[in-house]
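Enquirer: here is my input; please provide its structure:
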Amino acid sequence: MPESPVAIITGAASGIGRALAVHYAQRGVRSVIGTFSGDPHDPEETLHLVERAGGRAVIQEVDVRNTESVETFADRALNEFGRLDYAVANAGVLRNAPLGELTDSRWNDMLDVDLTGVLRTLRAGSTRMDDGGAMVAVSSIAGGVYGWEEHAHYAAAKAGILGLVRSVAVELGPRGIRANVVVPGLIETPQSLDPVNSLGPDGLERAGRDIPWGRVGRPEEVASVIGFLTSADAAYVTGQSLIVDGGLTVKMKA
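Expert: Residues are numbered from 1 along each chain as shown. This next block holds a predicted model:
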C-alpha cells in the first residue's frame, strides 16, 4: 500500500488552515500544522481535532516573514514523514489603514506576510516535492476581485498572489507540480470577526444577507475546495483561481 500524502499548511492554528488540517485528516493526508508564535489561537486544538478525525499531524512554528523559518517548516515534513506532497500558503494578516496613513512600513509589513510569505512557502515546498505535487495559495475577493477602502495594502498583496501562482504553475508544470489559488469570499474566521480591521460579527451578519447563498461561508467550505485542488481529482487543473463566495461576486447590484 502506498504511503499517504503529506501537506504543509501555514496559518493552521485557526480558521481555514485548521479546517483544512481536519479535512486532510479525514482523507488520510498527514499534515504539518504551521503556527505563528504571536497567534493567540492554540495549535494544540487543531492537533486534537486532527487526531479525533483519525489523522496524523505535527505542530511546527513558522514565521512566513523569515526564509530560514519557512525552510525549517518545510523540512519538518521530510524529517517527520519522509515526504512532502502538498504545500498550502494560508497564513495572512489583515490591517486597516486609510491611504493617507499607509506608511511605507505598514505597506511593506503587509506584503512581507501576505505576498512574500506566500512566495517563501511555495518556494520551500517546490524544492522538497517530488514531481507530481500540488500547491495552493489563499487569496481573497478583496484584491482578487474587488477593491476595499482602507485596505489597499491587503488588496494589493492578495491580487499579487494571482500573478505569482500563475507564473509558478507555468514554471513547475514540466515537473507535474500544480499550483492554484483559492479566492474566499466572506468567510467566518477569526480574521473576519475582527471588528477593528475587518467586518466584525455584526458586519458579517449584515453582509451575509446580500449573498445569494443567504449567509457568509464557513472555513470548512473553503478547506474542501483546497482539498479538491490538491487531490488527483484536479490532476489537470493548474494556474487557476477558484472563487468560493456563495455567489457574492456574480450578483448584480441594484
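Enquirer: worst-scoring helix or strand of the chain, pLDDT-wise?
Expert: Using mean pLDDT, DSSP states H and E, helix 200-208 stands out as the lowest-scoring helix or strand of the chain, at a mean of 75.
Enquirer: what does the following helix or strand past that helix contact?
Expert: Proceeding N to C from helix 200-208, the next assigned helix or strand is helix 219-230, under DSSP states H and E. For helix 219-230, the surrounding residues in contact (Cβ atoms under 8 Å, 6 or more residues apart in numbering) are 7, 15-16, 18-20, 22-24, 27, 85-86, 88, 134-136, 138, 178, 180, 182, 184, 187-189, 234, 237, 242, 244. Yep, even glycine has a C-beta here, placed from its N, CA and C like the rest.
Enquirer: narrow those to those that are buried.
Expert: Burial of the contacts of helix 219-230 was assessed by neighbour count (16 or more other Cβ atoms under 10 Å); the buried members are 7, 15-16, 18-20, 22-24, 85-86, 88, 134-136, 138, 178, 180, 182, 184, 187-189, 234, 242, 244.
Enquirer: so who does residue 248 touch?
Expert: 141, 185, 186, 210, 211, 212.
Enquirer: just residue 154 next, same as before
Expert: Neighbour list for residue 154: 94, 95, 110, 114, 140, 142, 143, 148 [criterion: Cβ under 8 Å, 6+ apart].
Enquirer: could you measure it against residue 37, distance?
Expert: Look at residue 154 and residue 37: by Cβ to Cβ, to the nearest Å, they are 22 Å apart.
Enquirer: repeat that for residue 14.
Expert: Look at residue 14 and residue 37: by Cβ to Cβ, they are 14 Å apart.
Enquirer: from residue 245, how far out is residue 213?
Expert: 8 Å.
Enquirer: also residue 8?
Expert: Taken as Cβ to Cβ, the span from residue 8 to residue 245 is 26 Å.
Enquirer: and the two? Which one has more around it.
Expert: residue 8 (29 against 24; other Cβ atoms under 10 Å).
Enquirer: my read: residue 187 touches residue 16, true?
Expert: Yes - counting by Cβ atoms under 8 Å, residue 187 does reach residue 16; the two are 6.9 Å apart.
Enquirer: mind listing what's buried in the least confident helix or strand of the chain?
Expert: 204, 207, 208.
Enquirer: okay, that helix in PDB with CA atoms only?
Expert: What follows is helix 200-208 as a C-alpha-only set of coordinates in PDB (Å, rounded to 0.1, in the frame of the first residue of the first chain):
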ATOM      1  CA  GLY A 200     -16.700  42.000  12.800                       C
ATOM      2  CA  PRO A 201     -19.700  39.800  13.800                       C
ATOM      3  CA  ASP A 202     -22.400  42.400  13.100                       C
ATOM      4  CA  GLY A 203     -20.900  43.400   9.700                       C
ATOM      5  CA  LEU A 204     -20.600  39.800   8.700                       C
ATOM      6  CA  GLU A 205     -24.200  39.100   9.600                       C
ATOM      7  CA  ARG A 206     -25.400  42.100   7.600                       C
ATOM      8  CA  ALA A 207     -23.200  41.200   4.600                       C
ATOM      9  CA  GLY A 208     -24.500  37.700   4.600                       C
END
